[in-house]
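1. predicted structure and sequence below. I'll ask about it afterward.
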Amino acid sequence: MSKYYDDAKAFGEKHLAPYAKEADIEGVFPRQAIQALREAGYFGLVIPEEYGGWGQDVGAHAEVCTALAEWDASASLCYMMSNVGAYCLSLYAGEELKKAILPKVASGEAILALAYSETANGTHFYLPEMEEETHEGYSILNGRKSFVTTAREADYYLTISRNVKDGSTNLWLVPGDTEGLSFESNYDGVGLRGNVSDPMILKDAKLDHFYRIEGNGDGDRLIFLVGLASSSAGIAMAIAREAAKYVKERTYSNGRSLGEIETVETNLAELYARAYAARETLFAAAYNVQSGAEDGFMNVNAARIMTTSAAVKNGSQGMRLVGGIGYVRGKNPMERLMRDSLGAQVMAPGYDVLRVWLGRQLVDLPYLKGID
């Protein structure tokens, strides 16, 4: 762990925490928090220095996203999606597109979003039903993407489509003002309510080939999974923090605090130990990937399974420690954290899919075996 985690944690407490409750209750995008991240230059974290970024990699991405999620998991998710988009561009985009977009993101002028998921293909982003019809110098895109985090708020949307002629897949960076781009308003999540994950529609959207990135961007898979795991790791740590704060301050009429009760103390210990183990496993896996280790993908899968489980278990156990007041909307952060903790189970690739993938890897089978 480096200064990136400590600095981002202090930043999150000051600039994200004050807006987390409102974004959750109202179900609105955490605009003030994201603006603070823009102004501080955090959107340049994984962008190469030659384009104005910080030149960091997956490890720092894990640390920063986790630290931010300890204060507002919705804002952290929106931030991490932009990081993944920027990382993908830096790997695969042509030089002209990099020069046009990456400096804007690094400076905070623009942010990115991912529009990969589709109702018909679920976890299997690489099998898109969104179609592209190729013409001289441009293509026409038609299709629908589901659960687009930062919907309407991003300046560019990185999406994936299937060529109607040869079946090949390509990535596209879709400007937010593209004619034919629209969003459906139907996200009213149980938790993570500030990430406004609405469906995105492209209807006869004309895109210059300047915005095309050939291939499916498979190299951004690991930083994406690390980002999702970071959300859960941060939530698990936040639950341990808020539970400890509450039982320390909650006193009986005789002046004794809940924190002086042995059963409470052992539960607090479990919360922190579980969160700490999950966080450190994630960081180890992220730096494992960064080093180019052959087992990086397997370890990231394991880390995401572990962080998801830790967040969900801590959510339930933390609620028991806080008691009835934690179950009342807006009275204590625990009820928001509990709801937020549940999201990772279903965010693609979901918890059970990850376990299948890791199990197949452990017996030397293709992790996508049986998918066509």
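-> Cool, the structure landed.
2. for the helix or strand harbouring residue 232, enumerate the helices and strands it packs against.
-> Per DSSP states H and E, residue 232 falls inside helix 221-249. Packing partners of helix 221-249 (3 or more Cβ pairs under 8 Å, 6 or more residues apart in numbering; DSSP states H and E): helix 58-69, helix 73-92, helix 262-290, helix 296-322, helix 333-341. In this view, the C-beta of every residue, glycine as well, is placed from N, C-alpha and C.
3. gap between it and the chain center?
-> Chain-centre distance of helix 221-249: 13 Å, with Cα atoms, centre = their mean, to the nearest Å.
4. how about stretch 192-199?
-> 11 Å.
5. now stretch 116-136
-> 20 Å.
6. what of stretch 21-40?
-> That offset, for stretch 21-40, works out to 15 Å (Cα atoms, centre = their mean).
7. what's the distance between the residue in the chain sticking out farthest from the centre and residue 246?
-> No residue in the chain sits farther from the centre than residue 254, which is 44.9 Å out by Cα atoms, centre = their mean. For residue 254, the distance to residue 246 (Cβ to Cβ, to the nearest Å) stands at 18 Å.
8. still on that earlier bit, pull out the buried residues from the helix holding residue 232.
-> 221-244, 246-247 (16 or more other Cβ atoms under 10 Å).
9. how about stretch 107-125?
-> Those would be 107-108, 110-118, 121, 123-125, for stretch 107-125 by 16+ other Cβ under 10 Å.
10. how far does that stretch stretch from start to finish?
-> Terminal residues of stretch 107-125 lie 29 Å apart, using Cα to Cα, to the nearest Å.
11. stretch 20-38 now?
-> Termini of stretch 20-38 sit 17 Å apart (Cα to Cα).
12. could you find the closest non-adjacent residue to the spatially most central residue of the chain?
-> The centre of the chain sits closest to residue 77, judged by Cα atoms, centre = their mean, with a distance of 3.6 Å. Nearest residue to residue 77 in three dimensions, chain neighbours excluded: residue 195, at 4.7 Å (Cβ to Cβ, 6 or more residues apart in numbering).
13. distance of that neighbour from residue 261?
-> Taking Cβ to Cβ, one finds residue 195 at 37 Å from residue 261.
14. compare those two (neighbour count), which wins?
-> The neighbour comparison of residue 195 against residue 261 (other Cβ atoms under 10 Å) goes to residue 195, with 31 against 13.
15. now for that one: which residues touch it?
-> 29, 74, 77, 78, 149, 150, 189 (Cβ atoms under 8 Å, 6 or more residues apart in numbering).
16. ditto for residue 86
-> Counting by Cβ under 8 Å, 6+ apart, residue 86 has contacts 43, 46, 47, 53, 102, 105, 106, 112.
17. now it: how far from residue 217?
-> 12 Å.
18. check residue 335 too.
-> To residue 217, residue 335 is 37 Å away according to Cβ to Cβ.
19. out of the two, which sits in the busier spot?
-> More neighbours surround residue 217 than the other of residue 335 and residue 217, with 26 against 21 (other Cβ under 10 Å).
20. doesn't residue 160 make contact with that one?
-> Yes: at 7.2 Å, residue 217 counts as touching residue 160 under the criterion of Cβ atoms under 8 Å.
21. where do the helices sit along the stretch 1-150 of the chain?
-> Using DSSP state H, counting those that start in this stretch, the helices found in the stretch 1-150 of the chain span residues 3-15, 17-26, 31-39, 58-69, 73-92, 95-107.
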